[in-house]
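Student: structure of the sequence below:
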Amino acid sequence: MSNADEPGIDRPDTDGDEDDSQERGFFGRIFGAFSNSEDDETEENGSPMRLPPGLLNLRRMRVEDVSIPTVEIVSVPVETDLEELVNVFRESGVTRLPVYEGSLDMPLGMLHLKDLALRHGFGKTSDFDMREMLRPLIYAPPSMPIGVLLQKMQTDRMHMALVIDEYGGVDGLVTIEDLIEQVIGEIEDEHDIEEDKYWTVEKGGSYLAQAKTPLEEFEAEIGMRLVDPEEDEEIDTLGGLVVLLTGRVPIRGEVVPHPSGPEFEIVDADPRRLKRLRVRVPETRDA
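Tutor: I've put the predicted structure just below:
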């Protein structure tokens, strides 16, 4: 297994462009609460300390609880050409890609979209060599507490880690955003649907919807019932409907058909919950 400190992998990391003092202050408060919860869970009067449940996750949750499985990792071999690499970034929507040689069990590092754009995205014609742009990765065991990994990411200024199993193979991937969300809740970015809108209508008539979209409102929008009357009180959201149809939390990219015709494509999800769905109703599926 290659190490993040090996020659040829370590590169100056510019992920810390933000104000370092503000970042240290934010993480310092989190780690301070994490450390206190480890050593002192009772107040002086003997009553239990009441920490926010999110902070307790730093100690209680393991890396394996938040990482995405190997089959969902978007990664590229080091010999990928520039045109194909740009397509992978465009289609996946991610900004960081693990890079490997041979198979994902032989990772070389991580490629940041910003590095690619700065070197090749502004009309520059220099020869393309992915190895020159690789940044190091962190490797973490599945059993590591997420608070420990979060602190290591902040110290090393790295935002992505591969989860390595007992045999040295890649067992998953976790980002710093995945870890922070366990403390402060889901982080919306510029690609997410606006908070006050449950769905948007895309070109072609399909719907890009939040998994938390109220089912009754969406049924009114498409003019179709999606649940039987006896299930109406059990299912409140589109995400709940999809989980009911599959009996599990489907993975990103999976398409779940509904008996009445609509199709639900999983746009964004983690191992515990759905986040965004693309819904194609029968009238617009082929539009």
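Student: low pLDDT regions in the protein?
Tutor: Applying pLDDT under 70 to the chain flags residues 1-54, 122-126, 185-196, 230-233, 271-272, 283-287.
Student: contact partners for the residue nearest the centre of it?
Tutor: Ranked by distance to the mean C-alpha position of the chain (CA atoms, centre = their mean), the top residue is residue 178 at 5.7 Å. Residues in contact with residue 178 (CB atoms under 8 Å, 6 or more residues apart in numbering) are 66, 67, 68, 270. All C-beta atoms are positioned from the backbone trio N, CA, C, and that covers glycine.
Student: next, give phi and psi for the closest residue to residue 61 other than its chain neighbours.
Tutor: Distance criterion CB to CB, 6 or more residues apart in numbering; nearest residue to residue 61, sequence neighbours excluded, is residue 146 at 4.9 Å. Here is the backbone geometry of residue 146 (degrees, to the nearest 10): phi -70, psi -30.
Student: gap between residue 146 and residue 197?
Tutor: Taken as CB to CB, to the nearest Å, the spacing of residue 146 relative to residue 197 amounts to 31 Å.
Student: these two - which one has more neighbours?
Tutor: Neighbours per residue, other CB atoms under 10 Å: of residue 146 and residue 197, the larger number sits with residue 146, 26 against 11.
Student: residue 181 is in contact with that one, correct?
Tutor: No: counting by CB atoms under 8 Å, residue 146 sits too far from residue 181 to count as a contact (10.3 Å).
Student: residue 161 pairs with what?
Tutor: residue 138, residue 174 (DSSP bridges).
Student: now it: how far from residue 99?
Tutor: 15 Å.
Student: in terms of neighbours, single out the busier of those two.
Tutor: Between residue 161 and residue 99, counting by other CB under 10 Å, residue 161 is the more crowded of the two (28 against 24).
Student: my understanding was that the more buried one contacts residue 140; is that so?
Tutor: Yes: between residue 161 and residue 140 there is a contact under CB under 8 Å: 4.8 Å.
Student: which neighbours do these two have in common?
Tutor: 63, 149, 174.
Student: what's the closest non-adjacent residue to residue 74?
Tutor: residue 92 (4.5 Å).
Student: burial count for that neighbour?
Tutor: 14.
Student: do the same with residue 177
Tutor: Applying other CB under 10 Å, I find that residue 177 has 12 neighbouring residues.
Student: for the chain, what spans make up the strands?
Tutor: 68-69, 76-77, 96-101, 103-112, 138-140, 160-164, 170-175, 199-201, 207-210, 255-257, 263-269, 274-280 (DSSP state E).
Student: buried ones in stretch 205-213, by neighbour count?
Tutor: Of all the residues in stretch 205-213, those buried under the rule 16 or more other CB atoms under 10 Å are 206, 207, 208, 209, 210, 211, 212, 213.
Student: may I ask which two of those are separated the most?
Tutor: 206 and 212 (18.5 Å; CB to CB).
Student: next one: the closest residue to residue 275 other than its chain neighbours from residue 276, what distance?
Tutor: Closest residue in space to residue 275, ignoring its immediate chain neighbours: residue 268 at 4.0 Å, by CB to CB, 6+ apart. Here residue 268 is placed at a distance of 4 Å from residue 276 (CB to CB).
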